[in-house]
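Peer 1: curious how this folds, go ahead:
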Amino acid sequence: MSNPYRTTPIPPIPESPKDPVLPERGTEDHGVPVEHEPLIEPLPDYATEPYQVHTEPVEPDIPIVPVRIVEEDSRDVRDWRANVFNVQVIAGQPEPQRIAGDNKRRTRLFVRNNHATEGVILLRKRTDSSFVGYPLAAGAFVEIFAETEVSVIHATAGAATVEVAVLEEFRVSKGG
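Peer 2: Below is the predicted model:
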């Protein structure tokens, strides 16, 4: 028993103009008598010609070249400044202290915890919670590439004062 919903492939029908094609007028004469024979171009028979697939040659794998990103103007004059901050616990509560303000010209910021046993937490702003900060262990060092404010808070409520050293590198002007 055959399936009544099954269809058979329909053979392709060659495209051809329904009416004779008149140059620059299409298939209509627009009320103007034709002075020459209409153009009828024979079209290829699509039903009998095999379909030709044109492919592009595949390029061989090119080895990856390491790229070093260089600043737009490498002639910037850079300067640096160093500060030492004493992070303290005030009235039994750690108090956030800003160690670097917003600086759009800053290129790098180095922060080092100089204490032998106590840690600190780096914050993006003084108003941030210590839960969203970055812990910096005793004697640890970190390099920050952001231009935003950086604050520090004592990691514990211990009575120790933690010394934090900061080195800030920034652009001064264009070199000549």
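Peer 1: now Pro94: how far from Val162?
Peer 2: Distance, Pro94 to Val162, by C-beta to C-beta, to the nearest Å: 10 Å. Quick note: C-beta positions are derived from backbone N, CA and C, even for glycine.
Peer 1: which one's more surrounded, the two?
Peer 2: Set side by side, Pro94 and Val162 show more neighbours around Val162, with 26 against 20, by other C-beta atoms under 10 Å.
Peer 1: got the phi/psi numbers for the more buried one?
Peer 2: phi -100, psi 130 (degrees, to the nearest 10).
Peer 1: hey, what's it bridged with?
Peer 2: Val87 (DSSP bridges).
Peer 1: might one say that it is in contact with His154?
Peer 2: Yes - contact criterion C-beta atoms under 8 Å: Val162 and His154 qualify, at 6.0 Å.
Peer 1: what sits in contact with each of these two?
Peer 2: Common contact partners of Val162 and His154 (C-beta atoms under 8 Å, 6 or more residues apart in numbering): Val87, Gln88, Glu118, Val120.
Peer 1: surely the second one touches Ile153?
Peer 2: Pointing back at Gln88 there. No - if you go by C-beta under 8 Å, Gln88 and Ile153 don't touch, sitting 10.3 Å apart.
Peer 1: for those two, list the residues in contact with both.
Peer 2: Joint contacts of Gln88 and Ile153 (C-beta under 8 Å, 6+ apart) are Glu95.
Peer 1: what residues are shared contacts of Pro94 and Val162?
Peer 2: With C-beta under 8 Å, 6+ apart, Pro94 and Val162 have common neighbours Val87, His154.
Peer 1: hmm, back to that, show me which of Gln88 and Ile153 is the more surrounded one.
Peer 2: Between Gln88 and Ile153, counted using other C-beta under 10 Å, Ile153 has the larger neighbour count: 21 against 13.
Peer 1: in this structure that one contacts Pro94, no?
Peer 2: Yes - judged on C-beta under 8 Å, Ile153 makes contact with Pro94 at a distance of 4.9 Å.
Peer 1: quick check: beta-bridge partners of the spatially closest residue to Thr107 that is not a sequence neighbour?
Peer 2: Sequence neighbours aside, Glu169 is the residue nearest to Thr107 in space, at 5.0 Å (criterion: C-beta to C-beta, 6 or more residues apart in numbering). On the basis of DSSP bridges, Glu169 is bridged to Trp80, Arg108.
Peer 1: list the contacts of Glu169.
Peer 2: Contacts of Glu169 (C-beta under 8 Å, 6+ apart): Arg78, Asp79, Trp80, Arg106, Thr107, Arg108, Leu109, Phe110.
Peer 1: buried subset of these as a ChimeraX selection?
Peer 2: In ChimeraX, a selection of the buried entries from those looks like this (16 or more other C-beta atoms under 10 Å):
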select :106,109
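Peer 1: many thanks, I have nothing further to ask.
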